Every structure is written in structure tokens, then in C-alpha cells.
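Chemist: need a structure here:
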Amino acid sequence: MARVVISGGGKLWKGFSITASGDNTADSYAFYYSDRQDANGAPVYTIGQIFSEIEINSYGKLGGGWYLQECFRVVISNCGATGLSQPFRLVGSVVQTTIDNFVQNGDGAAAMTGRAYTYGLTTEKKTYGNGSIFTPEGLTVVNTRFVKQDIGVRAEGGLYLVFDSVEADYSKYKGFWYDGGSQVSFDNCYVGVQSYRDADFVGFDIPARAAGVAEAVNVRGCTVNMSENTHESASSYKSLGVRIGDSSVGQKGALIDGCTFRGDGYDAGIYVYRGSSVSINNNRFQYSGVNISVAECTNLVMIGNSGNGAGKYLLNSSSPVATWTLLNNTESFESVTNINPGGLVAKNAGYSSATLRRIERVSSPVNVSVAPGAVYQHAAPATIPLAASVAVGGAIPVGLLFSAAPASTSLIRATFFNPTSATITLSTTIYFDITHPN
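Modeler: Okay, the predicted model is just below:
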């Protein structure tokens with residue numbers, strides 16, 4: 001079976017099936033829109049393509065469904081497929097595309113040559129001959145189901161992308177992956193996972209893709225159903241409902257609202273790896289364990305989240321300017337670290353600002369040799385109540401005994417004692433964690 005290569009004007013494709021029978025089309029597409037650029041390297045559009053009541057029977061022998069590039073007003077509705085590696089691939093300037101009521105079952109599909117995974121749908125950037133970079137724009141995907149793909153949806157780029165009532169069921173690695181774009185919304189979507197998983201799994205993955213920009217990424221009213229991983233090395237892999245941010249850049253602008261997390265396979269329902277400004281509101285967690293975990297977040301709003309009574313929150317930030325608002329959350333605040341003295345407003349059952357201890361960190365350099373049996377006292381300026389407790393840390397050599405306490409409301413005094421028979425050199429930056437009284 002050969003692919004259909006298309007260019008030109010309006011066309012209605014309706015009421016037929018495509019069945020793959022050969023062994024030479026695993027990297028081909030059922031409908032392939034060829035590259036079209038004018039003499040100046042600008043896109044030339046194919047306009048008004050409508051697909052309806054089409055069934056693609058791939059059985060793993062045909063790679064893809066629709067490869068769209070330089071297209072304007074494509075509508076794909078009431079269609080289905082079995083065994084495709086990738087039903088939809090949108091590349092470059094693809095404008096005003098609607099996909100409605102499409103179902104794909106990925107049984108027997110394998111990744112196409114040059115692709116690391118099977119996908120339900122991807123949007124991708126394209127550089128044109130005139131140097132311009134275009135991405136898909138105005139994409140609406142509704143009432144669509146991708147079953148047994150490695151990754152349901154990957155948005156590498158695009159403007160105003162809406163996924164409403166889209167399922168990524170029995171996914172292997174990720175359900176929905178935001179990898180760039182502007183105004184990307186996942187509304188009322190569903191993620192189900194394969195139980196035998198040989199890697200980490202993330203339901204909605206939202207890394208930062210534009211440092212310092214409030215990226216408009218919304219996950220609203222969605223459901224993640226996380227089964228327990230039955231792989232023999234399951235303990236080596238993480239299973240997360242939502243992951244926000246990556247190792248180097250704080251994600252700014254993510255909104256996770258009104259979602260439901262069910263199943264017993266979570267390491268965390270929502271995990272903020274590194275956030276700059278994140279809102280996590282009105283979500284429901286129907287399992288015991290870590291509901292929300294924050295490794296680092298500068299600006300966090302967390303309101304109205306509820307669980308089954310056995311959930312917990314782990315919230316941390318080392319930023320001296322971190323500002324958090326935590327209101328009306330029902331589960332246990334197992335761990336909270338926010339070193340900004342005025343950066344936390346909290347009112348929750350059993351956990352409110354009035355009963356919280358604040359932790360503030362100050363540091364001070366030191367370079368001194370402490371003789372055997374000698375005591376060295378080091379003073380560091382700090383605003384501190386006399387009733388506060390102080391912990392000392394840093395690269396302090398083995399052998400020294402040390403403690404710290406307020407010397408006044410503006411000074412901390414640390415005491416170092418050398419009980420050994422040899423001189424010990426203390427040359428480092430020491431820090432003091434001040435725990436303010438309730």
C-alpha cells in the first residue's frame with residue numbers, strides 16, 4: 001500500500017477504509033501533505049481538507065495516519081484507526097485544524113524510523129526557506145482517544161492548542177507532554193497507564209520552555225488513573241500524575257485545577273520539580289500517600305485541594321524570596337521548608353500561619369585554626385529573637401564540637417571546641433538555620 005501525497009485546494013475525503021497488507025509501508029503515512037514553499041521560501045497552503053468516516057486498518061504495517069504541513073482549515077471527524085505508530089503529525093505552519101471523534105488503538109504498533117516513541121499526536125516546529133520558524137496554530141482536538149501509544153500527545157510548539165476530552169489510555173511513558181508553545185490547554189482529558197512499565201511515567205509533563213515567560217499551560221478537570229507498576233524493577237522508576245519544571249529552569253505559569261488523581265501507583269500526584277510561579281487548586285486525590293510534592297518553587301498558590309484523609313504534602317524551597325499561599329487544603333503537611341520569614345501565608349485544618357515555625361538561613365565565612373583543647377567563638381549578624389533556636393551547618397571538619405545560640409537580637413554566637421590532640425583548621429562558609437518560635 002502506498003501513501004496518498006496531497007497538495008492543492010479543497011477536498012472532501014469520506015466513507016472508505018484503508019487496509020495495510022505489505023511489509024514496506026511501516027514508515028509511510030496514509031495521508032501525506034508534501035512540503036510547499038514559494039520561491040521566497042514562504043509556506044504555500046493546501047486549503048479546506050475534510051476527512052470523515054474513514055477507517056485505517058494498519059495492524060502495525062502502516063506507520064502514520066495524517067502528516068500535515070502547510071495546511072489551512074483541515075477537519076478530521078468520525079474516523080478511526082488500528083495499529084498506527086502515529087495517527088497525527090502536524091509540522092510547521094498548520095492553521096485551524098479540528099480533530100473530532102477519532103479513536104486509535106495502537107495494538108501492534110512500533111516506533112517509526114527516526115522516532116523514539118509511538119505517539120497519538122505531535123505538533124512540531126519547522127524552519128522555512130526564508131528563515132522563518134512556524135508552528136501549528138489554532139488546533140482543536142476533542143472527543144479523541146489514543147490507546148496504547150508510548151506517549152499520547154506531545155506539543156513541541158504551537159499557538160492556541162486545545163485538547164478537550166482527549167484520552168491517552170494505556171500509555172507507556174507519558175500521557176500529555178507540553179514541550180513548548182503558547183496558550184496550551186488540556187481540559188477534561190484522561191490518562192491511563194500500562195501496568196508493566198520499564199521507565200518513569202508522567203501523566204502531564206510540563207517542563208519550562210521559555211525562561212522567565214509566564215507560559216500559558218492549563219491542566220483543568222483532567223483525570224490520571226495510575227495503576228501500580230508490576231515491572232520487576234518498579235522500585236527504580238517514578239510514577240507521577242503531573243510534573244512541573246525541570247532540573248535547571250523554574251516553570252512559570254502552570255495551572256493545575258480541578259483534576260482527579262486515582263489509583264495506587266503514585267510516587268506523587270503532583271510534583272513540582274522546579275517552579276517559578278505555579279497554581280495548584282481544587283484537585284482531588286483518591287489514594288493514600290504523597291498528594292503534592294514541591295522540590296523547589298518560588299511562587300506557589302495551593303488552595304482547596306482535598307484527599308481521602310491519608311494524603312500528605314511535602315513542600316520545600318531554599319529561595320530567600322519564596323512566597324507561598326496555602327489555604328483550605330485537607331491533608332497532612334508532612335514537611336514544610338520555606339526560609340523566607342515573611343513568605344508563607346497558610347490557613348488549613350491543623351496548619352496555619354499562626355502556628356507555624358519560620359526558618360531563616362544566614363551564612364558567614366570563617367578561616368581559623370583551633371588548637372588542641374581550645375575554644376573558638378564566631379559571631380554572625382542576624383535579626384533573631386532570643387527565644388529562637390539555631391542549627392549550625394556547612395563543611396565543618398570532623399573532630400570539632402559546635403553549637404550556636406542567640407547572643408543578642410542582632411547577633412548569633414557559634415562555639416567551636418577542639419577536643420583532639422591536633423590543630424584543626426576551620427576554613428569554610430558556615431550557615432545558621434534560625435527557627436523562630438511560634
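Chemist: Could you look up the next helix or strand downstream of the helix or strand of the chain with the lowest mean pLDDT?
Modeler: In the chain, the helix or strand scored least confidently by mean pLDDT, DSSP states H and E is strand 4-6, which has a mean of 56. Downstream of strand 4-6, the next assigned helix or strand under DSSP states H and E is strand 11-19.
Chemist: For that next one, list the C-alpha coordinates in CSV.
Modeler: Provided in CSV are the C-alpha atoms of strand 11-19 (Å, rounded to 0.1, in the frame of the first residue of the first chain):
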residue,chain,number,x,y,z
LYS,A,11,-11.2,18.3,-1.0
LEU,A,12,-13.7,16.1,0.8
TRP,A,13,-12.5,12.6,1.7
LYS,A,14,-15.4,10.5,3.0
GLY,A,15,-16.7,7.0,3.6
PHE,A,16,-13.9,4.5,2.9
SER,A,17,-11.3,2.3,4.6
ILE,A,18,-7.6,1.8,4.1
THR,A,19,-6.0,-1.6,4.9
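Chemist: buried ones in it?
Modeler: For strand 11-19, a neighbour-count test (16 or more other C-beta atoms under 10 Å) marks 13, 18 as buried. C-beta here means a position set from N, CA and C on the backbone, and glycine is covered the same way.
Chemist: relative to strand 11-19, how tilted is the very next helix or strand once past it?
Modeler: Next in sequence after strand 11-19, counting helices and strands by DSSP H and E, comes strand 29-33. Interaxial angle, strand 29-33 versus strand 11-19 (axes from the mean of the first three to the mean of the last three C-alpha atoms, to 10 degrees): 160 degrees.
Chemist: and for the helix or strand following strand 29-33, what are the contacting residues?
Modeler: Sequence-wise, the next helix or strand downstream of strand 29-33 (DSSP H and E) is strand 46-57. For strand 46-57, contacts defined as C-beta atoms under 8 Å, 6 or more residues apart in numbering pick out 6-20, 30-31, 33, 36, 62, 65-66, 70-84.
Chemist: how about the helix or strand just after strand 46-57 as PDB, C-alpha atoms only?
Modeler: Using DSSP H and E, the helix or strand that follows strand 46-57 in sequence is strand 64-82. What follows is strand 64-82, C-alpha atoms only, in PDB (Å, rounded to 0.1, in the frame of the first residue of the first chain):
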ATOM      1  CA  GLY A  64       1.200   7.000  10.300                       C
ATOM      2  CA  GLY A  65      -2.200   8.500   9.600                       C
ATOM      3  CA  TRP A  66      -2.100  12.200   8.700                       C
ATOM      4  CA  TYR A  67       1.200  14.100   8.100                       C
ATOM      5  CA  LEU A  68       0.100  17.800   7.800                       C
ATOM      6  CA  GLN A  69       2.300  20.700   6.800                       C
ATOM      7  CA  GLU A  70       1.400  23.900   5.100                       C
ATOM      8  CA  CYS A  71      -2.300  23.300   5.600                       C
ATOM      9  CA  PHE A  72      -5.200  25.700   6.300                       C
ATOM     10  CA  ARG A  73      -8.600  24.500   7.600                       C
ATOM     11  CA  VAL A  74      -8.300  20.800   8.000                       C
ATOM     12  CA  VAL A  75     -11.200  18.900   9.600                       C
ATOM     13  CA  ILE A  76     -10.900  15.200  10.600                       C
ATOM     14  CA  SER A  77     -14.000  13.800  12.200                       C
ATOM     15  CA  ASN A  78     -15.700  10.500  12.900                       C
ATOM     16  CA  CYS A  79     -12.600   8.500  11.800                       C
ATOM     17  CA  GLY A  80     -10.700   5.600  13.400                       C
ATOM     18  CA  ALA A  81      -7.500   3.600  13.100                       C
ATOM     19  CA  THR A  82      -5.900   0.400  14.400                       C
END
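Chemist: quick one, strand 64-82 and strand 46-57 angle?
Modeler: Using the same axes, to 10 degrees: strand 64-82 against strand 46-57 is 40 degrees.
Chemist: Okay, buried residues for the helix or strand following strand 64-82 please.
Modeler: Downstream of strand 64-82, the first helix or strand assigned by DSSP H and E is strand 86-105. Buried positions in strand 86-105, judged by neighbour count with 16+ other C-beta under 10 Å: 86-100, 102-105.
Chemist: ok, residue 296 to residue 136 distance?
Modeler: Counting by C-beta to C-beta, to the nearest Å, the gap from residue 296 to residue 136 is 32 Å.
Chemist: In terms of packing, which of those two has more residues around it?
Modeler: More crowded of residue 296 and residue 136, by other C-beta atoms under 10 Å: residue 136, with 29 against 18.
Chemist: Isn't the more buried one up against residue 96?
Modeler: No: using C-beta atoms under 8 Å, residue 136 is not in contact with residue 96, being 9.6 Å away.
Chemist: Which residues are in contact with each of the two?
Modeler: If you check residue 136 and residue 96 against C-beta under 8 Å, 6+ apart, no residue is contacted by both.
Chemist: Quick check: closest non-adjacent residue to residue 276.
Modeler: Take residue 276 and drop its neighbours on the chain: the residue closest to it by C-beta to C-beta, 6 or more residues apart in numbering is residue 250, 3.4 Å away.
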